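Peer 1: what shape does this take:
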Amino acid sequence: SGVLPELDLRGKRAEEVEPLLDDYLNEASLSSLSQVCVIHGIGTGTVRQIVREMLASHPLVSSFRPGEQGEGGDGVTIVSM
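Peer 2: Numbers count the residues shown, from 1 in each chain. Sure thing, here's the model as predicted:
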């Protein structure tokens, strides 16, 4: 068991993103993960926008930032819990 330190949302439809992300953040918090990586890909940017808007108001999230080079760049968001 245990929660992986990353969530891959590539290829998900917009309406799937919020429930998946919310469930994942709750599980990550319960597993005491301090940092997780959300993989959304670059694409049109829609999933990235949904992810970052949700992270901005999520009670379990202390901060987030785009990935750096070597982490996946703007195709990922690094979340501090």
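
Peer 1: only C-alpha atoms from now on, for both contacts and neighbour counts.
Peer 2: Fine.

Peer 1: check contacts around the residue nearest to Gly41 when sequence neighbours are not counted.
Peer 2: Taking C-alpha to C-alpha, 6 or more residues apart in numbering, and ignoring the residues beside it in sequence, Gly41 has Gly75 as its nearest neighbour in space, at 4.0 Å. Shown here is Gly75, whose contacts under the criterion C-alpha atoms under 8 Å, 6 or more residues apart in numbering are Ile39, His40, Gly41, Ile42, Arg48, Pro66, Gly67.

Peer 1: and Gly75, how far from Pro59?
Peer 2: Noted for Gly75: a distance of 23 Å to Pro59, by C-alpha to C-alpha, to the nearest Å.

Peer 1: Ser80 against His58, yeah?
Peer 2: No. At 11.4 Å, Ser80 does not count as touching His58 under the criterion of C-alpha atoms under 8 Å.

Peer 1: which residues touch the lengthiest helix in the chain?
Peer 2: Of all segments of type helix in the chain, defined using DSSP state H, the longest is helix 14-30. Helix 14-30 has contacts (C-alpha under 8 Å, 6+ apart) with Val3, Pro5, Leu7, Leu9, Val36, Thr46, Val47, Ile50, Val51, Met54, Leu60, Met81.

Peer 1: can you name the element that comes right after it?
Peer 2: For helix 14-30, the succeeding helix or strand toward the C-terminus, using DSSP states H and E, is strand 35-39.

Peer 1: could you say what helices and strands the following helix or strand past that next one packs with?
Peer 2: Moving toward the C-terminus from strand 35-39, the next helix or strand (DSSP H and E) is helix 46-57. Contact analysis of helix 46-57 by 3 or more C-alpha pairs under 8 Å, 6 or more residues apart in numbering; DSSP states H and E lists helix 14-30, strand 63-66, strand 76-80 as its packing neighbours.

Peer 1: TSV for these, including mean pLDDT and mean neighbour count?
Peer 2: Shown next, in TSV, are the helices and strands packed on helix 46-57 (pLDDT from 0 to 100; neighbours: other C-alpha atoms under 10 Å):
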stretch	mean pLDDT	mean neighbour count
helix 14-30	97	15
strand 63-66	98	15
strand 76-80	98	22
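
Peer 1: the residue most central in space within the chain and Val51: what is the separation?
Peer 2: Per C-alpha atoms, centre = their mean, the C-alpha nearest to the average position across the chain is that of Val38, at 3.0 Å. Between Val38 and Val51 the distance, using C-alpha to C-alpha, works out to 8 Å.
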